[in-house]
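Colleague: below is the structure, and that's it, no one-letter string:
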């Protein structure tokens, strides 16, 4: 790599701004990108902003603000809805999700190495990562918050230790309210930095007790509030099964930061990105010169996060994909805390490859999202038949029902390895039709939204069941309690992806009548039910 001084400030800033602009360009081609959880989050934001004044929604949902470590977009989005349309505000927040962690990578790299480099700019490759495509909005924002908080503490902790500690404490609270696992990144990286300091003091032959005591005080001051807030929150005692991924799943998901819509492009990206530290290691072995900088704090933090990834469950306390989040954080730290110094020609080769991959991956995202516009038109056409105030049961054609059809679906329906992005596409029913949507994210430990009776018992507490469950005279109520007496308690049934069902148009004809259908969605009216019935 050329000496750091050869990287002109103007050229670096031009590249940074250009990369940031290209990163968010796909948001211009579709008003609601196909991110799995995103439609559900958007529906909740609409209820926060306008539900209390709506004659239908006000009887179904009510905000219930309390201590929750999962509030980033819940605090940001509703005020935006007062000044801009729903889907514009949503995309503004999605742009923040893309740029905040990327900006955090770049800022933290500069704080650690005190120079500009091409390597953190390559972090844009993982801005649109697997968990972003799954719509984990608060978590992604929280990671960006933690990176910036740590960057500020790194810059000021030596010259202004007291102010830096106060800033770290305030930042830890901000990270907590963004997402609990944002504190899960901030804590180990601060602790690993302190461990590196102690190691250097020890190597100089100086006593470490005083510094260890000072570090303990800083940790206690900085993280006392998040600990207290967690213990006072509903999440501390949140119920929910604990489930672990298989060893095969752990291996497959470790590169979740690179998951996108094309498996081969994702694999090439992984190989080229890992080729940079591999080349640094091999060149150092041959020349004896250092070809990269990997501070101890970075190495320790990445190791700690990967260890947490290995032992963390897939699901716990009502949250999913918990282990994948540690893998993503470890990858962010690789871009933020590592700096290669490769020969000029090898640097140029990697830069060109990474730039080409970035443009290719972004163009794929834009293409997939643009194709999703046709599906949105289908969904909007179908839901027009649902009267305001109705109660709508949501079911799907599961991948297991028709695997061949599932594998033929466009990329907008799935993320590599992680699965479907369609589960919450029906959330448009809330802002556009003002109906009861039973998949609303309204869990007391995770969202400040309450479902009012008699709708509370209709909440679907899992992903939409397969539509064939409706034909079972004795459905599995332990798994799907909301299916109890469903013919009486709901007015309509919404089927996701009816094109995958061979019998959707004539399914249970004595009970269900097709109101309208497209390849992306179908609405049945439950026979002998008056439209817009609001009774429990």
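Modeller: Structure's in. What do you need? It should be emphasised that the depicted structure is a prediction, and the values quoted were computed from it without experimental measurement. Numbers count the residues shown, from 1 in each chain.
Colleague: so is residue 349 in a helix, a strand, or just coil?
Modeller: Following DSSP: H, G, I helix; E, B strand; the rest coil, the label given to residue 349 is helix.
Colleague: for it, give me its contacts.
Modeller: Shown in contact with residue 349 (Cβ atoms under 8 Å, 6 or more residues apart in numbering): no residues. Placement of C-beta: from N, CA and C, glycine included.
Colleague: pull the distance from the helix or strand where residue 264 lies to the chain's centre.
Modeller: Per DSSP states H and E, residue 264 falls inside helix 263-287. How far helix 263-287 lies from its chain's middle: 26 Å, per Cα atoms, centre = their mean, to the nearest Å.
Colleague: output the contacting helices and strands for that helix.
Modeller: Counting contacts by 3 or more Cβ pairs under 8 Å, 6 or more residues apart in numbering; DSSP states H and E, helix 263-287 packs against strand 292-293, strand 339-340, helix 344-383.
Colleague: give me the angle between the last one and helix 263-287.
Modeller: Okay, so that is helix 344-383. Put simply, helix 344-383 runs at 160 degrees to helix 263-287, going by axes from the mean of the first three to the mean of the last three Cα atoms, to 10 degrees.
Colleague: and the average pLDDT for helix 344-383 is what?
Modeller: In this model, helix 344-383 has a mean pLDDT of 94.
Colleague: could you do stretch 161-178 as well?
Modeller: In this model, stretch 161-178 has an average pLDDT of 96.
Colleague: which helix or strand contains the residue of the chain positioned farthest from its centre?
Modeller: Ranked by distance from the centre of the chain (Cα atoms, centre = their mean), the top residue is residue 205, with 45.2 Å. Under the criterion DSSP H and E, no helix or strand holds residue 205.
Colleague: distance to residue 60 for the helices and strands packed on helix 263-287 - can I get that in CSV?
Modeller: Conversion of the helices and strands packed on helix 263-287 to CSV gives the following (distance: least, Cβ to Cβ, whole Å):
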stretch, distance to residue 60
strand 292-293, 55
strand 339-340, 53
helix 344-383, 16
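Colleague: who's in contact with the closest residue to residue 490 other than its chain neighbours?
Modeller: Once flanking residues are discounted, residue 490 sits nearest to residue 393: 4.3 Å by Cβ to Cβ, 6 or more residues apart in numbering. By Cβ under 8 Å, 6+ apart, the contact list for residue 393 reads 438, 458, 460, 482, 486, 490, 492-494.
Colleague: of all the helices and strands packed on helix 263-287, which one is nearest residue 327?
Modeller: Distance to residue 327, taken as Cβ to Cβ, is lowest for helix 344-383 among those, at 18.5 Å.
Colleague: run the chain-centre distance for the closest one.
Modeller: Counting by Cα atoms, centre = their mean, helix 344-383 comes out at 18 Å from the chain centroid.
Colleague: let the chain start at 2 from now.
Modeller: Okay, residue one is now 2; in that scheme the one you just asked about reads as helix 345-384.
Colleague: what's the mean pLDDT across the helix or strand that that helix is followed by?
Modeller: Counting by DSSP H and E, the next helix or strand C-terminal to helix 345-384 is strand 393-397. The average pLDDT within strand 393-397 is 95.
Colleague: got the buried residues for the very next helix or strand once past strand 393-397?
Modeller: Note on strand 393-397: by DSSP H and E, the next helix or strand toward the C-terminus is helix 404-408. With burial defined by 16 or more other Cβ atoms under 10 Å, the residues of helix 404-408 counted as buried are residue 407.
Colleague: shaky segments in this structure?
Modeller: Low-confidence segments of the chain, defined by pLDDT under 70: 2-8, 417-419, 530-537.
Colleague: could you pull out the strands for it?
Modeller: Shown for the chain, the strands assigned by DSSP state E span residues 62-64, 293-294, 316-317, 320-321, 340-341, 393-397, 415-416, 420-421, 450-452, 493-497, 513-518, 522-527.
Colleague: adding distance to residue 375, write the ones you listed out as CSV.
Modeller: CSV is the format used below for the strands of the chain (distance: least, Cβ to Cβ, whole Å):
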stretch, distance to residue 375
strand 62-64, 30
strand 293-294, 46
strand 316-317, 33
strand 320-321, 29
strand 340-341, 43
strand 393-397, 19
strand 415-416, 17
strand 420-421, 18
strand 450-452, 31
strand 493-497, 15
strand 513-518, 15
strand 522-527, 12
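Colleague: which one is the most centrally placed residue in the chain nearest to, not counting chain neighbours?
Modeller: Closest to where the C-alpha atoms of the chain average out (Cα atoms, centre = their mean) is residue 137, at 2.3 Å. Leaving aside its sequence neighbours, residue 137 sits nearest to residue 38 (Cβ to Cβ, 6+ apart; 6.4 Å).
Colleague: same check, this time on residue 244
Modeller: Spatial nearest neighbour of residue 244, chain neighbours left out: residue 316 (4.3 Å); criterion: Cβ to Cβ, 6+ apart.
Colleague: ok, the one you found touching residue 324?
Modeller: No: if you go by Cβ atoms under 8 Å, residue 316 and residue 324 don't touch, sitting 9.3 Å apart.
Colleague: number of residues surrounding residue 12?
Modeller: Neighbours of residue 12 under the rule other Cβ atoms under 10 Å: 12.
Colleague: tell me how far it lies from residue 18.
Modeller: Distance, residue 12 to residue 18, by Cβ to Cβ, to the nearest Å: 11 Å.
Colleague: so residue 402 sits right up against residue 470, yeah?
Modeller: No: between residue 402 and residue 470 there is no contact under Cβ under 8 Å: 10.9 Å.
Colleague: rewinding a little: most neighbours among the contacts of residue 394, which one?
Modeller: Taking other Cβ under 10 Å as the neighbour criterion, residue 495 ranks highest of those with 28 neighbours.
Colleague: one step back: and the helices and strands packed on helix 264-288, which is most packed in?
Modeller: Mean neighbour count, computed with mean count of other Cβ atoms under 10 Å, is highest for strand 340-341 among the helices and strands packed on helix 264-288, reaching a mean of 20.
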